[in-house]
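K.L.:
Fold the following for me, if possible:
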Amino acid sequence: MKFELQHTDPLSNARAGVATTDHGQIETPIFMPVGTVGSVKGVQMNTLKEDVQAQIILGNTYHLYLRPGLDVLEQAGGLHRFNGWDRPILTDSGGFQVFSLAGIRKLHEKGAEFRSHIDGSKHFFSPEGVMDIERTIGADIMMAFDECPPGDSTYAYAKNSMGLTHRWLDRCVQRFSETDPKYGYQQALFPIVQGCVYPDLRKQSAEFIASKECDGNAIGGLAVGEPVEKMYEMIELVNGILPKEKPRYLMGVGTPINILEGIERGVDMFDCVMPTRNGRNGMLFTKEGILNMRNKKWEKDFSCIEADGASFVDTYYTKAYLRHLFHAKELLALEIASIHNLAFYLWLTKEARKHIIAGDFSTWKAMMVVRLATRL
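P.N.:
This is a model prediction of the structure:
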C-alpha cells in the first residue's frame, strides 16, 4: 500500500492524503462503514458505492472466522469475491471482540482462548494464527492482534497489557513477513498503539509501533469508557510520534464531533458502528444537528430530512414518512436511516478534506461542531 500526503491544514494537524491499494484508492480523511460479518447491516453493496459513496469497508476476523468460516472464504476466493465488494477492505484482528468476551476468554503469552458467542465452542487465537486468518479473508489492510484494555484500567494492568500487545506484534510482523497473499494482490499490516489513558505508556507504545515501519498505524483502546478529553489528549500525543508519511487509523470512533476532533489532531481513517446502530434506533445525524425520528414533532413535518433539501437518501422520504415507518416497525425505516447516516459520515469526511485543501478547515470545523451538537 502506498500513501501520499497531499495537504496539511495551516492552523491544525488536519491532513488530506490518498492511500493506494490493489483494489483502488482511498482519499483521506475517510470514514469506513463497518461490515462485521461481511456485510454492512441492512445495506446492499451497490448502495454503499452509489449512495453512501464508501471507498473502503471493514470486516471482522473474529466473526468471519466463526461464520461463514475460513474454508468457505478460501473456496470463494476471499472476502471480496464472497460479498461482491471490489473496493478496499480492512479487517479488524478480533482483538476488540476478544476483549468484549471478558467472561468467556483467557489471555496468556501464547494468545487468547475464548468461547464462541454462537455455540459456546472453544477456540484459540495466536498472533500467528490471526495473520493466517486475515491472509485467508484477503483484506487489503490487516490489523495486528492486540489486547484492548478497558478504559478504566489501572496503570499496572495497562502496562502489562501494552507489553503483551508489543510482544504479540513482533510475532505478527514475523508471520506476516514469512507468508504471502493468497489471491494475487498485496496486503498491508497495521500495528495498534495501546497504553490506555497513561501518557508515558502511550508514548512508549507509539514509539514501538513506529519502529516497525509498517504501511500504516492504528490507535486502539480509546472510546472504551475513558473521558472524551482523555481520548483527545491521547490522540494528540500519539500522532505527534507516529510517522507523518504513513496513514493513521483511529479504531472504533465515533460521533461526528469525535471524527472532526480526530481529523484536527491528524487522524486519517475512522470506523464506527454508530451510524447504522443509532440509525436503526431512530437517530439521524444531519448538517444541522441530531434528529430523533420517533419524536411526535415530526408527525406532520413533510420537509426533507436535511434542511437544505439535499437529502442523502431519495428526496421523497420526508421526516413525517420516516417517523411513520419507525412507529409502524417497518424494516424500510432501518434501511433509510442506516443509508442516510452512513452517507452523512462520508459527506462529513469529504467536506473536511475539501476544507483542508482549501486551507480553512479550522474555521469550518468550529462552525460544524456547534451544529452537530444541536438536538433538533
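K.L.:
so what's residue 279 closest to, chain neighbours aside?
P.N.:
Take residue 279 and drop its neighbours on the chain: the residue closest to it by CB to CB, 6 or more residues apart in numbering is residue 337, 3.5 Å away. Every residue, glycine included, has its C-beta placed from N, CA and C.
K.L.:
what about the one you found, helix or strand, and which?
P.N.:
Assigning secondary structure by DSSP states H and E places residue 337 in helix 331-358.
K.L.:
Enumerate the positions of that helix that are buried.
P.N.:
Buried residues in helix 331-358, counted by 16 or more other CB atoms under 10 Å: 333-349, 351-353, 355-356.
K.L.:
Return the distance of that helix from the chain's centre.
P.N.:
14 Å (CA atoms, centre = their mean, to the nearest Å).
K.L.:
same check, this time on stretch 30-42
P.N.:
Relative to the centre of its chain, stretch 30-42 is centred 9 Å away, using CA atoms, centre = their mean.
K.L.:
Just confirm residue 81 is within a helix.
P.N.:
Yes - counting by DSSP: H, G, I helix; E, B strand; the rest coil, residue 81 is part of a helix.
K.L.:
How is this protein partitioned into domains?
P.N.:
2-271, 279-372 (automatic domain parsing).
K.L.:
Can you show me the helices along the protein?
P.N.:
45-47, 61-66, 70-76, 79-83, 95-100, 127-137, 155-177, 199-211, 228-239, 256-264, 274-280, 319-327, 331-358, 361-372 (DSSP state H).
K.L.:
how about those, which one is nearest residue 249?
P.N.:
Between residue 249 and those, the tightest spacing by CB to CB is seen for helix 256-264, at 10.1 Å.
K.L.:
Taking helix 228-239 as reference, get the angle to that closest one.
P.N.:
Angle of helix 256-264 versus helix 228-239, following axes from the mean of the first three to the mean of the last three CA atoms, to 10 degrees, is 30 degrees.
K.L.:
Counting by contacts, list what helix 256-264 packs against.
P.N.:
If you count contacts as 3 or more CB pairs under 8 Å, 6 or more residues apart in numbering; DSSP states H and E, helix 256-264 packs onto helix 228-239, helix 331-358, helix 361-372.
K.L.:
Figure out how far it is from the centre of its chain.
P.N.:
Its chain's C-alpha centre and that of helix 256-264 lie 13 Å apart, by CA atoms, centre = their mean.
K.L.:
One more: stretch 195-214?
P.N.:
With CA atoms, centre = their mean, you get 20 Å for stretch 195-214.
K.L.:
Show me the contact partners of that stretch.
P.N.:
With CB atoms under 8 Å, 6 or more residues apart in numbering as the test, stretch 195-214 has contacts from 149, 151, 153, 155, 158-159, 161-162, 165-166, 169, 173, 188-194, 217, 221, 226, 230, 233-234, 237-238, 241-243, 246.
K.L.:
in it, what's buried?
P.N.:
195-198, 201-206, 208-210, 212, 214.
K.L.:
what does stretch 116-126 give?
P.N.:
125-126.
K.L.:
what's next to it, contact-wise?
P.N.:
62, 65-67, 94, 98, 101, 104, 110-115, 145, 171.
K.L.:
what about it, how long is it end to end?
P.N.:
One end of stretch 116-126 to the other measures 16 Å (CA to CA, to the nearest Å).
K.L.:
Could you check stretch 225-237 and say which residues are buried?
P.N.:
226, 231-235, 237.
K.L.:
Which one of those is nearest to residue 21?
P.N.:
residue 235 (24.4 Å).
K.L.:
Now do the contacts for the nearest residue to that closest one once chain neighbours are set aside.
P.N.:
Among residues not flanking residue 235 along the chain, residue 265 sits closest, at 4.7 Å (CB to CB, 6+ apart). Residue 265 is in contact with 12-14, 232, 235-236, 239, counting by CB under 8 Å, 6+ apart.
K.L.:
Is it possible to get CSV of the residues you listed that adds distance to residue 85 and pLDDT?
P.N.:
CSV is the format used below for the contacts of residue 265 (distance: CB to CB, whole Å; pLDDT from 0 to 100):
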residue, distance to residue 85, pLDDT
12, 33, 97
13, 31, 98
14, 28, 98
232, 32, 98
235, 29, 98
236, 33, 98
239, 29, 98
